[in-house]
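Chemist: below: sequence and its predicted model.
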Amino acid sequence: MKIIFEIPDLSTIAAWVGALTGIAALLREAFVWRRSAHRVKVQCARAWVGYAQGGTSGELLSVEARNVGAAAVTVTGWGVSLGRGLGQLVVFTPLSFSTQLPHRLEAGAMGTFYAESEGIRDSAARHGKPGRELRAFVTLATGKKVYAKRGVPLSQT
């Protein structure tokens with residue numbers, strides 16, 4: 001058995017180098033284009049307000065929207081989704097220390113919105129949904145809703 005190794009000619013090598021360089025440039029441009037748009041991430045957490053007299057508020061739901069993209073976008077609303085077919089709880093009167101809506105999220109900026117957890121917990125219980133099945137969301141001026149990846153952390157009390 002004889003193995004023959006042929007060295008490709010210079011034009012074939014140049015063609016392969018050009019093709020690989022073109023693919024790499026296309027991937028880089030797609031990445032840069034994707035990062036140049038707005039990109040909003042949503043997280044939610046339990047929160048409390050501490051008062052100067054030493055007490056704390058009842059449990060609150062904190063929803064944070066952070067723009068990790070390069071372009072600005074406006075947040076027009078927020079709420080909690082109960083799941084498919086069950087509707088959504090849209091917060092019309094957030095607490096006074098929440099970021100005011102509409103809120104312009106510049107690149108790298110964030111807005112935090114607060115609501116009392118009791119009403120959300122009661123609605124979830126009426127529909128038989130635990131907090132981990134609920135999803136907080138923000139509504140953008142583009143018409144898109146961005147949902148948190150994790151469920152809403154509600155105490156069981």
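Modeler: Received, thanks.
Chemist: could you list the low-pLDDT ranges of the chain?
Modeler: For the chain, the stretches with pLDDT under 70 are 34-35, 92, 156-157.
Chemist: and the strands in it, which stretches?
Modeler: With DSSP state E as the criterion, the chain has strands at 40-47, 60-67, 73-83, 87-90, 103-105, 110-116, 135-140, 145-147.
Chemist: partner strands of the second one, parallel or antiparallel?
Modeler: Strand partners for strand 60-67, identified by DSSP bridges, are recorded as strand 40-47 (antiparallel), strand 110-116 (antiparallel).
Chemist: buried set for it?
Modeler: Going by neighbour count (16 or more other C-beta atoms under 10 Å), the buried part of strand 60-67 is 60-67. Just so you know, the C-beta spots here come from the backbone N, C-alpha and C atoms, and that holds for glycine as well.
Chemist: try the fifth one
Modeler: Within strand 103-105, the residues that count as buried by 16+ other C-beta under 10 Å are 103, 105.
Chemist: from residue 70, how far out is the residue most central in space within the chain?
Modeler: Nearest to the mean C-alpha position of the chain, by C-alpha atoms, centre = their mean, lies residue 41 at 2.2 Å. In this view, residue 41 and residue 70 are 14 Å apart by C-beta to C-beta, to the nearest Å.
Chemist: same thing with residue 86?
Modeler: 36 Å.
Chemist: and the residue nearest to residue 123 when sequence neighbours are not counted, how many residues sit next to it?
Modeler: The shortest distance from residue 123 to any non-neighbouring residue, by C-beta to C-beta, 6 or more residues apart in numbering, is to residue 89 (5.8 Å). Neighbours of residue 89 under the rule other C-beta atoms under 10 Å: 19.
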